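Asker: Sequence and computational prediction follow.
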Amino acid sequence: MAEYRIKFSDYSFIDEEGTFTGQLDHKLYGKKNNIVAYITLEDGRKVIVVAYKDSNYQGLKDIEVDSFVEVTFSESKNGMIRLSGVSVIE
């Protein structure tokens, strides 16, 4: 069985729009051909983000674990807060 260096239960979905910076702690492929990523934001919050193939995974597929990233969340048409952008901070 795989051993992970993070405790997945520490992470939760974000409930606010905005742009935040943090570190990509872990990522994996989900059951629906998506990428589930775990990010620790600068303010210490640990968030789960989901990116889908139809959005080219918001670039997450090519971002290395432990990279510092800027993530943007926005409200979707149905009122859910969704990942709308990810970029590596150089």
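Answerer: Perfect, thanks for sending it.
Asker: what about this protein, any weak spots by pLDDT?
Answerer: Within the chain, the stretches with pLDDT under 70 are 1-4.
Asker: And Glu70, how far from Gly79?
Answerer: 24 Å (C-beta to C-beta, to the nearest Å). C-betas here are computed from N, CA, C, even on glycine.
Asker: Who has more neighbours out of those two?
Answerer: Glu70 (13 against 6; other C-beta atoms under 10 Å).
Asker: quick one: the more buried one is in a strand?
Answerer: Yes - under DSSP: H, G, I helix; E, B strand; the rest coil, Glu70 sits within a strand.
Asker: That one pairs with what?
Answerer: With DSSP bridges as the criterion, Glu70 is bridged to Thr21, Ser87.
Asker: quick one: secondary structure of Lys77?
Answerer: Taken by three-state DSSP, the conformation at Lys77 corresponds to coil.
Asker: just Tyr57 next, same as before
Answerer: Here Tyr57 is recorded as helix under three-state DSSP.
Asker: Looks like it contacts Ala51 (just checking).
Answerer: Yes - between Tyr57 and Ala51 there is a contact under C-beta atoms under 8 Å: 4.3 Å.
Asker: Identify the contacts common to those two.
Answerer: Residues touching both Tyr57 and Ala51 (C-beta atoms under 8 Å, 6 or more residues apart in numbering) are 34-35.
Asker: what is the residue most central in space within the chain paired to in the beta sheet?
Answerer: Central residue of the chain (C-alpha atoms, centre = their mean): Val49, 3.2 Å from the mean position. Under DSSP bridges, the beta-bridge partners of Val49 are Ala37.
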